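A.B. asks: Sequence plus predicted model, see below.
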Amino acid sequence: MNANMETPARIAHAIAALGPGSLTEGGIRQHVAPLFSRVLGANRNRAYLANHSLGRPLDATTDDLAQAIGLWQSKLGDAWDDWLAEIGAYRARLAQLLGAPRADCVVPKTSAGQGLRAILNTYDEVPRVVATRGEFDSIDLILRQYAHRGRIALHFVEARDSGLFDAADLLAASKQADLVVVSQVLFHTGQMLPELPALVAAAHAGGARVLIDVYHSLGVFPVDVVALDADFAIGASYKYLRGGPGAGYLYLHPRHLDGSLSTLDVGWFAKKDHFAYQRPDPPQFAEGGDAFLESTPPVMTCYQARAGQVFTEAIGAQRLREYSLAQQQRLVSALAERGIGATGGSAYYGAFVVVTCKGDDASRAARRGVEALATRGVIADARGARIRLCPDVLTTTDELDLAASAVAEAIPL
């Protein structure tokens, strides 16, 4: 393969060599692993099962960032022509992955939380917001702070005794909401939220809008925001899209891009003609999703996220999902053979397997368990009492078996 190929061509060449159909470990080793030679080489003595936390970058990511900096060095201010084109490409790639109908439905953000705030700040009156207790800490904190300041009326839906959420509870709560905020996949258990299309439909029937956090689903399995009829979606490229920190996004359904919805979270890039430097009062905003842009945008994150987005689209979310489920099922079986129960590996869960510690101080046991796993060459993490183990397409069968043995040795359950 020509090392000087541009990122999309280089990745397309490798994926084409895989051929159609289901992924195999041999094919991945031959054609996909070379795209990740730097991260694999630097971590050859560790089984990395924290892909649900920070995804492994492609070699091309280094080259893409170098391109962005090279434009800065060579063109100075004129680099903005290229940089703005890359921001547009970033939006288009995410729109494709999300199933969004057009690129301006996607607004670049530095985090999912920033996207949530933009939507909360569209309400002039105090909205009734419903969320689950299982939302990620940033989302939870933002909602609590808005409630504390009297900006929203917040109601949390509780998990059942199993630790999982029930569709009936969510459907009932949505009838009393102006905005429903839910994750498609819960970050601590890996549970896929049950009957999400029915929840969206019920919320809409009651006059509510729905914001879906797709952080743990985009890049894990096919996501179609149009089929879901989501009003909004938030996420970032940090995990399964292999784009590192800072490459976030807000999706808005086209029905909210007709000028009827506006936010307080704006800057000069949201102006109708921002290079005209006019200051009409009231402000005049750009059309479509550009009305949700903010101040001078970060650029490096769009280059940083390029290779991971291109890779995910090229290899296909459905193929990744099928391969991931097979890996998870093998890991769950290997753990069971060693007397350890685990959840994951089914259509009802996302990308990772969960081993739950028991006892009076289960959270501490989980943290210590993760530390003990690291000494055995297995990288995982813990959320509360749950140890999360997430293979990705680069993970080998030997690494899964190593992880199962390490859990059996290191963690008293």
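C.D. replies: In hand now; what should we look at?
A.B. asks: List the buried residues of stretch 24-31.
C.D. replies: 25, 28, 31 (16 or more other CB atoms under 10 Å). In short, each C-beta sits where N, CA and C put it, glycine included.
A.B. asks: How about the contacts made by the first one?
C.D. replies: By CB atoms under 8 Å, 6 or more residues apart in numbering, Glu25 lies in contact with 396-397.
A.B. asks: Helices of the stretch 51-200 of the chain, residue ranges please.
C.D. replies: 59-75, 79-98, 112-120, 137-148, 167-174, 196-205 (DSSP state H, counting those that start in this stretch).
A.B. asks: that older thread, and which of the buried residues of stretch 24-31 is nearest to His204?
C.D. replies: Checking those against His204 with CB to CB, the nearest one is Ile28 at 41.2 Å.
A.B. asks: Check for me that that closest one belongs to a helix.
C.D. replies: Yes. Ile28: assigned to a helix according to DSSP: H, G, I helix; E, B strand; the rest coil.
A.B. asks: Hmm, it is touching Asp392, no?
C.D. replies: No. Counting by CB atoms under 8 Å, Ile28 stays clear of Asp392, with 10.2 Å between them.
A.B. asks: Helix, strand or coil: sort out Thr296 for me.
C.D. replies: Using three-state DSSP, the structure places Thr296 in coil.
A.B. asks: Excluding residues flanking it in the chain, which one is nearest it?
C.D. replies: Spatial nearest neighbour of Thr296, chain neighbours left out: Phe269 (7.0 Å); criterion: CB to CB, 6 or more residues apart in numbering.
A.B. asks: Hmm, Glu399 and Ala47 touching each other?
C.D. replies: Yes. With contact defined as CB under 8 Å, Ala47 reaches Glu399; the gap is 3.9 Å.
A.B. asks: Give me the more crowded residue out of these two.
C.D. replies: Each of Ala47 and Glu399 has its neighbours counted (other CB atoms under 10 Å); Ala47 has more, 23 against 19.
A.B. asks: Quick check: phi and psi at the more buried one.
C.D. replies: phi -90, psi 110 (degrees, to the nearest 10).
A.B. asks: OK, contacts around it?
C.D. replies: Per CB under 8 Å, 6+ apart, neighbours of Ala47: 377-379, 395, 399, 402-403.
A.B. asks: so what are the domain limits for the chain?
C.D. replies: Following automatic domain parsing, the chain resolves into domains at 76-312, 317-410.
A.B. asks: what mean pLDDT does the first one have?
C.D. replies: For domain 76-312, mean pLDDT rounds to 97.
A.B. asks: Then the shortest one?
C.D. replies: Throughout domain 317-410, pLDDT has a mean value of 97.
A.B. asks: distance between the ends of that domain?
C.D. replies: Terminal residues of domain 317-410 lie 34 Å apart, using CA to CA, to the nearest Å.
A.B. asks: so what pLDDT did Glu413 get?
C.D. replies: One thing to correct before we go on: residue 413 is Leu, not Glu. 70.
A.B. asks: Repeat that for Ala3.
C.D. replies: 45.
A.B. asks: again with the one 5 residues further on
C.D. replies: Confidence at Pro8, expressed as pLDDT, is 89.
A.B. asks: ok, now the one 5 residues further on?
C.D. replies: We have a pLDDT of 94 for His13.
A.B. asks: if we can go back for a sec, now, the most widely separated pair of the contacts of Ala47?
C.D. replies: Gly377 and Thr395 (13.2 Å).
A.B. asks: returning to what we had before: please convert the buried members of the contacts of Ala47 into PyMOL selection syntax.
C.D. replies: Selection of the buried residues among the contacts of Ala47 in PyMOL, burial being defined by 16+ other CB under 10 Å:
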select buried, resi 378+379+395+399+402+403
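A.B. asks: So which of the contacts of Ala47 sit within strands?
C.D. replies: Residues of the contacts of Ala47 located in strands (DSSP state E): 378-379.
A.B. asks: circling back to that earlier point, winner for burial among the helices of the stretch 51-200 of the chain?
C.D. replies: helix 112-120 (a mean of 23; mean count of other CB atoms under 10 Å).
A.B. asks: other SSEs contacting it?
C.D. replies: If contacts are counted by 3 or more CB pairs under 8 Å, 6 or more residues apart in numbering; DSSP states H and E, helix 112-120 sits against strand 106-109, helix 137-148, strand 179-183, strand 209-213, strand 232-236, strand 248-252.
A.B. asks: cutoff 7 Å now
C.D. replies: Helix 112-120 sits against helix 137-148, strand 209-213, strand 232-236, strand 248-252, with contacts defined as 3 or more CB pairs under 7 Å, 6 or more residues apart in numbering; DSSP states H and E.
A.B. asks: got the phi/psi numbers for the closest residue to Leu186 other than its chain neighbours?
C.D. replies: Spatial nearest neighbour of Leu186, excluding adjacent residues (CB to CB, 6+ apart): Gly134 at 4.3 Å. Per-residue torsions, Gly134: phi -100, psi 10 (degrees, to the nearest 10).
A.B. asks: my guess is Gly134 meets Ala159, correct?
C.D. replies: Yes. Using CB atoms under 7 Å, Gly134 is in contact with Ala159, at 6.3 Å.
A.B. asks: Which one of those two is surrounded by more residues?
C.D. replies: Neighbours were counted for Gly134 and for Ala159 using other CB under 10 Å; Gly134 has more, 23 against 18.
A.B. asks: if I pick that one, what's in contact with it?
C.D. replies: For Gly134, the contact set (CB atoms under 7 Å, 6 or more residues apart in numbering) comprises 159, 165, 183, 186, 188-189.
A.B. asks: Who are the contact partners of Ala79?
C.D. replies: Residues near Ala79 by CB under 7 Å, 6+ apart: 71-72.
A.B. asks: returning to what we had before: looking at the domains of the chain, spot the one closest to Ser53.
C.D. replies: domain 317-410 (5.5 Å).
A.B. asks: and the closest one, how far from the chain's centre?
C.D. replies: Its chain's C-alpha centre and that of domain 317-410 lie 19 Å apart, by CA atoms, centre = their mean, to the nearest Å.
A.B. asks: quick one: contacts for Ala291?
C.D. replies: Per CB under 7 Å, 6+ apart, neighbours of Ala291: 262, 270, 285.
A.B. asks: What's the local residue count around the second one?
C.D. replies: Neighbour count of Ala270, defined by other CB under 10 Å: 22.
A.B. asks: Contact partners for it?
C.D. replies: Applying CB under 7 Å, 6+ apart, the residues near Ala270 are 285-286, 290-294.
A.B. asks: Over to the first one?
C.D. replies: Listed by CB under 7 Å, 6+ apart, the contact set of Ser262 reads 122, 285, 291.
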